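Student: I would like to see how this sequence folds:
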Amino acid sequence: MLPVLLLALGALVSLPLTALGLPGTWLFLAGAALYKGLAPAAGLTWVALGVATSLAAVAEMLEFAVSMRATTRTGGSSRAAWGALAGGLVGAIVGVPVPLLGSLVGSFLGAFAGALAAEYSVHGDEVRAGRVAWGALVGRVVAAAVKVAFGVLVAVIVCWSAAA
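Tutor: You can find the predicted model right below:
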């Protein structure tokens, strides 16, 4: 019972990290794999860890795809989509020193700014660039929500396996 509680506690710590744009799901999976390695007879199975890891990888791909798609769906060029992606990454890194929500806000603002600058560089139209930047911002928010949802699913699978 204690190992399941420790895994659940790990999930409760890691999910907010994921929401902040940090690799919380991957840290949780690393901790779960370490636990399984140290206690091979524990209820947690390698199959469950494999499924959870696969879901975490799918979440990463979906985060990328949702962000890119939202930018192009609002009329953005592929340059704007890549600008939103790069801006989101830079913003998350720059925002890390700011307590609590710095990397999340930085990621959102970076996606907006990256798409805005990239789209403006293609068409020179401020209104269009602004519309595309808002699409990129919404896409980044939705992508973060999708990634957190997958993180919850990963945590449930691991904890359920450990409890069995």
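Student: Please identify the buried residues of stretch 151-164?
Tutor: Buried residues in stretch 151-164, counted by 16 or more other CB atoms under 10 Å: 151, 153, 154, 155, 157, 158, 159, 161, 162. In short, each C-beta sits where N, CA and C put it, glycine included.
Student: mind listing what the last one touches?
Tutor: If I follow you right, that is residue 162. By CB atoms under 8 Å, 6 or more residues apart in numbering, residue 162 lies in contact with 3, 4, 7, 32, 35, 42, 43, 44, 48.
Student: That one - nearest residue in space that isn't next to it in sequence?
Tutor: The shortest distance from residue 162 to any non-neighbouring residue, by CB to CB, 6 or more residues apart in numbering, is to residue 44 (4.2 Å).
Student: Check the fourth one too.
Tutor: Setting aside the residues directly before and after it, residue 155 is nearest to residue 11 in space (CB to CB, 6+ apart), at 3.5 Å.
Student: The one you found is in contact with residue 153, isn't it?
Tutor: No. Counting by CB atoms under 8 Å, no contact exists between residue 11 and residue 153, whose distance comes to 10.7 Å.
Student: SS state for residue 72?
Tutor: helix (DSSP: H, G, I helix; E, B strand; the rest coil).
Student: Run a quick neighbour tally on it.
Tutor: Residue 72 has 17 neighbouring residues, counting by other CB atoms under 10 Å.
Student: In space, what's closest to it - neighbours in sequence excluded?
Tutor: With sequence-adjacent residues excluded and distances taken as CB to CB, 6+ apart, residue 72 is closest to residue 81, at 5.3 Å.
Student: And for residue 23?
Tutor: Once its chain neighbours are removed from consideration, residue 23 has its nearest residue in residue 17; the separation is 7.3 Å (CB to CB, 6+ apart).
Student: Also residue 135?
Tutor: residue 74 (2.9 Å).
Student: Also residue 70?
Tutor: For residue 70, the nearest residue in space outside its immediate sequence neighbours is residue 139; the separation is 2.3 Å by CB to CB, 6+ apart.
Student: Could you do residue 79 as well?
Tutor: Nearest non-adjacent residue to residue 79, counting by CB to CB, 6+ apart: residue 118, 4.6 Å away.
Student: Which residues are in contact with the one you found?
Tutor: When contacts are counted by CB under 8 Å, 6+ apart, residue 118 touches 77, 79, 80, 82, 83, 84.
Student: ok, the third one touching residue 139?
Tutor: In this case it means residue 80. No. Contact status for residue 80 versus residue 139: not in contact, 10.9 Å apart, counting by CB under 8 Å.
Student: Many thanks, have a good one.
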